[in-house]
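Peer 1: I'll drop the sequence and a predicted model, then ask my questions.
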Amino acid sequence: MAEKKNNNILRNFNPSETRGKIITCKAAVVYGPEEAFKIEEVEVHPPQKMEVRIKILFTSICHSDVDAWKAQPESRRAFYPRIFGHEASGIVESVGEGVNDVREGDYVVPIFQAECGECKLCTCEKTNTCESVSYTNTVMLSDGKSRFYTTDAKPIFHFLNTSTFSEYTVVHSACVVKLPSVADDTRILKRLTLLSCGVTTGVGAAWNVANVHSGSTVAIFGLGSVGLAVAEGARARGASKIIGIDINPHKFIKAQAMGVTEFINPKDEEKPVYEKIREMSEGGVHYSFECSGNSDVLRDAFLSSHEGWGLTVIVGIHLTPKTLPIHPMELFYGRRIVGSMFGGFKGKSQLPHFAQQCLQGVVKLDDFITHELPFHDINEAFQLLIAGKSLRCILHL
Ligand code: APR
Ligand code: ZN
Ligand code: ZN
């Protein structure tokens, strides 16, 4: 799609006309599990205390949107109609009472993983989670009400604190990151959309959670955007060997261009994948990452790391009731396994610097954008991801 100038995109953006009022705009609403998105008019209510209303300019689709759209796990079946989407960028239209750190006209990315900055967890350096604004069961905002209504006044459920498949959304201010001022250039803002989830999750897993070191060996299970973001993070840290594992061989072409040095398709292997990885890495890799959301690979990921110091990072979201396929005694050999959320980044305080690093080229964002479509083609964009044909498809609102 042709690049648009911001002033073109913002032609109809006049916060003084909408501030404090209900905005009627287009959103992609889903009425049941795996039902097609309907682009229709919705009413977006003004932001309440500590909330921000954002005009979304770009949004993209992450695997977690697909999982939620399929209503996995089952307990989510009740929450329709719903507005999904959690990777986006946009401009602040208005703010509610008490919001001082962003204001109208600021360029921002919404983040599902909040940082209120004040709770017990936010003030602890050891974690990036927040206990004040949780990302689980985020079907309504903190007063238990929706800010989205159908034109016949039925509430629409929120999703992951963000609900970005809408021309306007309302989020808690703990879920808004102010971008560097250069984000007023549409081409830059579009790239920074990726920081809302996938790229941050993957690069952060390599940098903050594993702390990949120069010359180390890495294995990545699942070469979607998240896995390739781990590869990009590992490459930036100077890893000497990055082994990519995927059951879709089409993923290898793109991955090769993005720093993955060798490939394994488990379907082509007779022996267990972890044995093959050990052979390729002098007994096992320093770091392995599970980025497929498929719990069947966890045992291979764990055993592919080197005895004594290997570290496995679980990055994918596991929605099945299956528990870890590891015997407690196996941990006695010195391998470790940890989970990570949002790449260990404290979003509000650390993403502005991460955005600068991306813009300086430490992390290359462009390769993740494989498709761009107008917002009304969201159903097509979903199918591209499900079919494994896209990494990130940026939807232009
Ligand atoms: N072995 C290896 N690779 C697998 C396997 C498997 N058994 N099963 C699936 N994969 C691969 C897919 O072929 C795909 O290339 O995992 C990749 C997942 O990529 P995407 O669907 O593009 O997902 P992505 O957006 O990268 O997210 C990955 O992180 O954020 C979470 O919920 C998300 O769990 C998901 C994971
Ligand atoms: Zn907090
Ligand atoms: Zn995501």
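Peer 2: Now that the structure is in, tell me what you want to look at. What you see is a predicted model; the values in this text were computed from it and never measured. Ligands and ions are numbered 1, 2, ... in the order given.
Peer 1: Tally up the residues packed near whichever residue of the stretch 251-397 of the chain sits closest to ligand 3, please.
Peer 2: Closest residue of the stretch 251-397 of the chain to ligand 3, Cβ to the ion: Ile317 (8.2 Å). (Each C-beta comes from the backbone N, C-alpha and C, glycine too.) Residues near Ile317, counting by other Cβ atoms under 10 Å, number 15.
Peer 1: Per-residue pLDDT of it, please?
Peer 2: Note on Ile317: pLDDT of 88.
Peer 1: let's have the chain start at 5 instead
Peer 2: Fine by me, first position is 5 from now on; the one you just mentioned is Ile321.
Peer 1: Next up, the contacts around the residue lying closest to it once chain neighbours are set aside.
Peer 2: Nearest in space to Ile321, with sequence neighbours left out and distances taken as Cβ to Cβ, 6 or more residues apart in numbering, is Gly297 at 5.3 Å. By Cβ atoms under 8 Å, 6 or more residues apart in numbering, the residues touching Gly297 are His67, Asp71, Gly226, Gly320, Ile321, His322, Leu323.
Peer 1: before we move on, what SS does Gly297 have?
Peer 2: coil (DSSP: H, G, I helix; E, B strand; the rest coil).
Peer 1: mind checking how far the residue positioned nearest the centre of the chain is from Ser68?
Peer 2: With distances taken as Cα atoms, centre = their mean, the residue of the chain nearest its centroid is Cys201 (2.0 Å). Going from Cys201 to Ser68 by Cβ to Cβ, to the nearest Å gives 7 Å.
Peer 1: shared neighbours of the two, which are they?
Peer 2: Residues touching both Cys201 and Ser68 (Cβ under 8 Å, 6+ apart): His90.
Peer 1: Report the buried members of the contacts of Gly297.
Peer 2: His67, Gly226, Gly320, His322, Leu323 (16 or more other Cβ atoms under 10 Å).
Peer 1: if I read this right, the last one contacts Ala72, doesn't it?
Peer 2: Pointing back at Leu323 there. No. The criterion here is Cβ atoms under 8 Å, and Leu323 misses it with Ala72 at 9.5 Å.
Peer 1: Am I right that the residue nearest to the centre of the chain is in contact with His67?
Peer 2: No. With contact defined as Cβ under 8 Å, Cys201 does not reach His67; the gap is 9.5 Å.
Peer 1: quick one, strands of the stretch 255-401 of the chain?
Peer 2: 266-268, 291-294, 315-318, 340-343, 373-378, 396-400 (DSSP state E, counting those that start in this stretch).
Peer 1: So in terms of bridging, what pairs with the closest residue to Ala214 other than its chain neighbours?
Peer 2: Leaving aside its chain neighbours, Ala214 sits nearest to Tyr291 (4.6 Å; criterion: Cβ to Cβ, 6+ apart). Beta-bridge pairing for Tyr291 (DSSP bridges): Val222, Leu315.
Peer 1: quick revisit: any idea which of the strands of the stretch 255-401 of the chain gets closest to Lys149?
Peer 2: The minimum distance between Lys149 and the strands of the stretch 255-401 of the chain falls on strand 396-400, with 27.0 Å, by Cβ to Cβ.
Peer 1: Averaged pLDDT, that closest one. What do you get?
Peer 2: Across strand 396-400, the average pLDDT comes to 97.
Peer 1: any idea of the angle that strand forms with strand 373-378?
Peer 2: If you take axes from the mean of the first three to the mean of the last three Cα atoms, to 10 degrees, strand 396-400 sits at 30 degrees to strand 373-378.
Peer 1: Is strand 396-400 in proximity to ligand 3?
Peer 2: No. Remark: strand 396-400 sits outside contact range of ligand 3, by Cβ under 5 Å from the ion, the gap being at least 10.3 Å.
Peer 1: Tell me the helices and strands packed up against that strand.
Peer 2: On a contact count with 3 or more Cβ pairs under 8 Å, 6 or more residues apart in numbering; DSSP states H and E, strand 396-400 meets strand 55-64, strand 373-378, helix 382-390.
Peer 1: Of all the residues in the second one, which ones are buried?
Peer 2: Taking 16+ other Cβ under 10 Å as the basis for neighbour counts, the residues of strand 373-378 that come out buried are Ile373, His375, Glu376, Leu377.
Peer 1: give me the number of residues near the residue nearest to Asn212 when sequence neighbours are not counted?
Peer 2: Distances taken as Cβ to Cβ, 6+ apart put Gly348 closest to Asn212, at 3.3 Å, once the chain neighbours are dropped. Residues near Gly348, counting by other Cβ under 10 Å, number 23.
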